[in-house]
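Trainee: Sequence first, predicted model second:
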Amino acid sequence: MAQTVIKDMDDRMNKAIANLKRDLSTLRAGRANPAMLDRVMVDYYGSPTPISQLANVSVPEPRMLIIQPWDKTALKEIDRALQQSDLGISPSNDGVVIRMVIPPLTEERRKDLVKLAGKSGEETKVAIRNIRRDANDEIKKLEKAATISEDDSRRHQETVQKTTDKFIAEVDKIVKDKEKDILEV
């Protein structure tokens, strides 16, 4: 029973890490990356649709994205969605494809992105600590119900803490790598 709680906690913490990685991949680090467009939703026949489902996104040069829609009628809607997004990049539409040239980041913008990465890391740490609290509560309930002994409860809580420390260290490493990537000129 306690093993199920620990396995569930491990799964939830892995999901929190995956969410952090996905969030950080959308931060623009000066190089073109198709994942930058993951959050941009296009109004396609009345339903919000990710660009990756409407077009081929390629990176022909380190600072350029080319978006080639499969349905040419969606080009205008994709262009509008890109202009309304918070990417800070103006798309160039030639009627067939959309080109996005990624400008070099200013020092100020790099610092802002580092702050955003740090904020995402802190939010993930809070989520992991909440998962730890939930797991410890479940273990204490099992102890109160006399399903596990007091010694087993203490041992499982130590396992929960070690797992939490491991995931917190992983968050720190991911955020540090992203900060290094952003600050790289």
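Mentor: Here it is on my side, so go on.
Trainee: what about the helices in this structure?
Mentor: Under the criterion DSSP state H, the chain contains helices at 2-25, 75-84, 107-144, 150-183.
Trainee: Give the bridge partners for the nearest residue to residue 77 once chain neighbours are set aside, please.
Mentor: Nearest non-adjacent residue to residue 77, counting by Cβ to Cβ, 6 or more residues apart in numbering: residue 42, 5.1 Å away. All C-beta spots, glycine's among them, are computed from the backbone N, C-alpha and C. Taking DSSP bridges as the rule, residue 42 bridges to residue 49.
Trainee: how many other residues sit next to residue 42?
Mentor: Number of residues near residue 42 (other Cβ atoms under 10 Å) recorded here: 23.
Trainee: Ramachandran angles for the residue sitting furthest away from the middle of the chain?
Mentor: What lies farthest from the middle of the chain is residue 146; by Cα atoms, centre = their mean that is 40.3 Å. Dihedral pair for residue 146: phi 60, psi 30, per degrees, to the nearest 10.
Trainee: Please report the distance of it from residue 105.
Mentor: 59 Å (Cβ to Cβ, to the nearest Å).
Trainee: With residue 166 instead?
Mentor: Taking Cβ to Cβ as the measure, residue 166 and residue 105 are separated by 33 Å.
Trainee: Looking at the two, which is more packed in?
Mentor: Using other Cβ under 10 Å as the criterion, residue 166 and residue 105 rank with residue 105 on top: 20 against 12.
Trainee: wouldn't that one be in contact with residue 27 here?
Mentor: No. Assessed by Cβ atoms under 8 Å, residue 105 is found out of contact with residue 27, at 10.6 Å.
Trainee: shared neighbours, the two?
Mentor: 113, 182 (Cβ atoms under 8 Å, 6 or more residues apart in numbering).
Trainee: What is the end-to-end distance of stretch 98-114?
Mentor: In stretch 98-114, first residue to last residue: 28 Å (Cα to Cα, to the nearest Å).
Trainee: That stretch: which residues count as buried?
Mentor: Within stretch 98-114, the residues that qualify as buried are 98, 100, 102, 105, 110, 113-114, counting by 16 or more other Cβ atoms under 10 Å.
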